[in-house]
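> Take a look and give me a structure for this.
(one chain, ligands or ions: 1)
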Amino acid sequence: MSDRVIDLVKANWDVLLEKHGKSLYAMRIEDIYSLVAPKPMILYTPLAEMKIHALVKESTIEISWHGLVEKINDMTYLITDILMYPQTCTAATVTTDDEKYTNWLHSQPDEIFNKIRYQGHSHVRMGVMPSGVDLNYYRDMIKNLKKDDFYLFEIRNKTNEMNIRLYQNNDIPEWFVNRELQTTIAINGTPSDVYAQRIMSEFIQKKEYPKPPLEDKLNKAPKTIKGKKGDIKL
Ligand SMILES: [Zn+2]
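Prediction:
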């Protein structure tokens, strides 16, 4: 087990105990870790997001695609574009014709080839949890990852549910990376919420209407109210 996992759990133990009580003792360390682990951010360019959305929407069978990824830092990854590759599809499975796929992969220019660090597939109208076949495929793909390498896998369905996994390094147990991720669209490289806040604060000025002073309001307020036995002075 990774020391940094144990260290992070230890460092947060008191806070965790306060929040979750004795139930912590019944949990596996990897689950405890996921409560405090920082959540890496996966950003999509509008182009990548639109392509995934269109492909999943238009296809009635399972399809797969690759993505080009830029690692911004250990916690932030940007999916810049999506590429389809040769594959054979049925309603619920995708297989690659090994020769066609390998030829396709090796025909990519270096600057593209080196950025292919993402694989996504559609579950059409089913849930987005990876199947046993999916997990075997993931394991197969990451077994040659070198230290500091990474790979992203995603499953989408037509209701735009997603299951995205980040595998970092080869030396980290699988559960380590199955932690929650944050995902959002990036506009000009900036998360869309940050972009929206920034552009609004830059261009939109709120007009404040002067409020009448409190005294005016008090002066205009009625001095008496009607009671059963005549007016009551306030
Ligand atoms: Zn699947």
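> drop to CA atoms for contacts and neighbour counts, all remaining ones
OK.
> Please name the nearest non-neighbouring residue to the residue positioned nearest the centre of the chain.
In the chain, the centroid-proximal residue (C-alpha atoms, centre = their mean) is residue 183; its distance is 2.2 Å. The shortest distance from residue 183 to any residue other than its chain neighbours is 4.7 Å, reached at residue 42 (C-alpha to C-alpha, 6 or more residues apart in numbering).
> how many other residues sit next to that neighbour?
Neighbouring residues of residue 42 were enumerated by other C-alpha atoms under 10 Å; the total is 24.
> for the one 10 residues further on, same thing?
Using other C-alpha under 10 Å as the criterion, residue 52 is surrounded by 21 other residues.
> could you say which helix or strand contains it?
helix 46-58 (DSSP states H and E).
> returning to that earlier point: I figured the residue nearest to residue 183 hits residue 78, correct?
Yes: using C-alpha atoms under 8 Å as the test, residue 42 is close enough to residue 78 to be in contact (6.0 Å).
> Mutual contacts of these two, please.
Listed contacts common to residue 42 and residue 78 are nil; contacts here mean C-alpha atoms under 8 Å, 6 or more residues apart in numbering.
> Name the next helix or strand downstream of the worst-scoring helix or strand of the chain on mean pLDDT, please.
Of all helical and strand segments in the chain, the minimum by mean pLDDT, DSSP states H and E falls on helix 174-177, at a mean of 47. Toward the C-terminal end, the helix or strand that comes next after helix 174-177 (DSSP H and E) is strand 182-187.
> Note down every partner strand of the helix or strand just after that next one and its orientation.
Beyond strand 182-187 on the C-terminal side, the first helix or strand identified by DSSP H and E is strand 190-191. The partner list of strand 190-191 in its sheet, established with DSSP bridges, is strand 182-187 (antiparallel).
> circling back: just how off-centre is the helix holding residue 52 within its chain?
A distance of 16 Å separates the C-alpha centroid of helix 46-58 from that of its chain, computed with C-alpha atoms, centre = their mean, to the nearest Å.
> ditto for stretch 114-127
In this view, stretch 114-127 has its centroid 14 Å away from the chain centroid, taken as C-alpha atoms, centre = their mean.
> what does stretch 103-122 give?
Mean-position distance between stretch 103-122 and its chain equals 22 Å (C-alpha atoms, centre = their mean).
> Tell me the buried residues in it?
Residues of stretch 103-122 classed as buried under the neighbour-count rule (16 or more other C-alpha atoms under 10 Å) are 115, 116, 117, 118, 119, 120, 121, 122.
> Quick one: mean pLDDT over it.
In this model, stretch 103-122 carries a mean pLDDT of 96.
> ok, and what's touching that stretch?
Residues outside stretch 103-122 that contact it (C-alpha under 8 Å, 6+ apart): 56, 61-70, 85-86, 150-157.
> Quick check: what element follows the helix or strand that contains residue 112 along the chain?
Following DSSP H and E, one finds residue 112 within helix 110-113. Towards the C-terminus, the helix or strand next in line after helix 110-113, according to DSSP H and E, is strand 116-122.
> give the contact list for residue 78.
42, 43, 44, 45, 69, 70, 71, 72, 189 are the contacts of residue 78 under C-alpha under 8 Å, 6+ apart.
> Would you quantify the distance from it to residue 233?
According to C-alpha to C-alpha, to the nearest Å, residue 78 and residue 233 sit 69 Å apart.
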